[in-house]
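Participant: Sharing a model prediction with you, sequence too.
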Amino acid sequence: MQAGTNGLLGKVGQSLKPAPVYSFNTSDAEILSEPKLTINRERRPSYLTILAAPDLTSVRGAGNPQLSQNIGVLYTLPLSKKLSVSGGVLYARKNYNSPYSFYRPKIQRSYGATPSQVDAACDVLDVPIELNYQVYNKGATRITLNGGASSYFMLREQYEFSYDTGDPYKDKQRTNYEVRGQNNHPFGVANISATFEQQLNNQVTIGVRPFVKLPLTGIGYGRTKLDSKGLAVSVSFKLGK
């Protein structure tokens, strides 16, 4: 009986052996820990752009476009990976002529006779606001579509009115008229363009931008519908890292 008891106790002792103890190194603990959520917030740079933009300006329907000049700066702020918004200021020298029949001034001057032709040269402050959508970005090349509106602030308007004399051998009579700071047109012109850019290095990008400017209201003293078509050349500088 004693021998049987000893055998039973031995089997019980074997079953009560201590459980093995496992140790974990640092890498094991990292694997077993809960994963941490990491948010990658990419900081997109803004740009300062210098533009020089010759264009052809004409009164809609009158034909005979004249060469005009524009120069200024734009600041571009990114909104997302593809969207950005731009604003700036440009100085424009708008040259155009047309028959007087296309003029609709609010206040008619006393000409003595109705002019037949008008030649105009206007100094304009062009303040655009544009939304930009990037359609292509590969390597150092980018293509962006741009659309928005400009406010025109007419700094000085110079007009030369010509009158028919009825005599083909006699020169036309002419009078001059000047207006300063009297005509402003908030969001009076629509802007549509496409920008083709090539990155020179991490900080500087050059580009060309064919554009059209379409009137949303009458412009200047004569409230004429001014159309402009041109090609801007740009140099952009990245701001920040």
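Facilitator: In hand now; what should we look at? The structure presented is a predicted model; accordingly, all values stated were derived computationally and were not measured.

Participant: which regions of the protein lie under the pLDDT threshold?
Facilitator: 1-42, 109-111, 167-171, 241 (pLDDT under 70).

Participant: quick one, helices of it?
Facilitator: 2-15, 26-32 (DSSP state H).

Participant: so how far is Val118 from Thr165?
Facilitator: Thr165 sits 17 Å away from Val118 when distances are taken as CB to CB, to the nearest Å. Heads up, the C-betas are built off the backbone N, CA and C, glycines and all.

Participant: Pick out whichever of these two has more residues nearby.
Facilitator: Val118 (23 against 13; other CB atoms under 10 Å).

Participant: Can you spell out which residues form a bridge with the more buried one?
Facilitator: Per DSSP bridges, the residues bridged to Val118 are Ser98, Phe161.

Participant: Isn't it up against Phe161?
Facilitator: Yes - counting by CB atoms under 8 Å, Val118 touches Phe161, with 5.7 Å between them.

Participant: joint contacts of these two?
Facilitator: Listed as contacting both Val118 and Phe161 by CB atoms under 8 Å, 6 or more residues apart in numbering are Tyr100.

Participant: Is the residue lying closest to Phe237 once chain neighbours are set aside bridged to anything, and to what?
Facilitator: Of all residues not flanking Phe237 in the chain, Leu48 sits nearest, at 5.0 Å (CB to CB, 6 or more residues apart in numbering). For Leu48, the beta-bridge partners under DSSP bridges are Tyr75, Phe237.

Participant: Please apply the same query to Glu178.
Facilitator: Going by DSSP bridges, Glu178 forms beta bridges with Gln158.

Participant: residues touching it, list them.
Facilitator: Residues in contact with Glu178 (CB under 8 Å, 6+ apart) are 156-159.

Participant: do that again at 7 Å, thanks
Facilitator: Contacts here follow CB atoms under 7 Å, 6 or more residues apart in numbering; on that basis Glu178 touches 156-158.

Participant: Hmm, Lys172 and Asp164 touching each other?
Facilitator: Yes - contact status for Asp164 versus Lys172: in contact at 6.4 Å, counting by CB atoms under 7 Å.

Participant: Select from the contacts of Glu178 the one having the most neighbours.
Facilitator: Neighbour-wise, the contacts of Glu178 (other CB under 10 Å) top out at Glu157, 22 neighbours.

Participant: Which residue is the nearest non-sequential neighbour of that residue?
Facilitator: Nearest to Glu157 is Val179, by CB to CB, 6+ apart, at 4.3 Å.

Participant: same question, Gly61
Facilitator: If the residues on either side of it in the chain are set aside, Gly61 comes closest to Phe102, at 6.5 Å by CB to CB, 6+ apart.

Participant: Look up the residues forming beta bridges with the residue lying closest to Asn95 once chain neighbours are set aside.
Facilitator: Closest residue to Asn95 apart from its sequence neighbours, by CB to CB, 6+ apart: Gln66 at 4.2 Å. In this structure, Gln66 bridges to Thr57 when assessed by DSSP bridges.

Participant: and Gln66, what is it in contact with?
Facilitator: With contact set as CB under 7 Å, 6+ apart, Gln66 has these partners: 56-58, 95-97.

Participant: swap the cut-off to 10 Å and go again
Facilitator: 55-59, 94-98, 119-121 (CB atoms under 10 Å, 6 or more residues apart in numbering).

Participant: ditto for Lys82
Facilitator: By CB under 10 Å, 6+ apart, the residues touching Lys82 are 132-135, 137, 144.

Participant: Apply 6 Å and report the result again.
Facilitator: Lys82 makes contact with 133-134 under the criterion CB atoms under 6 Å, 6 or more residues apart in numbering.
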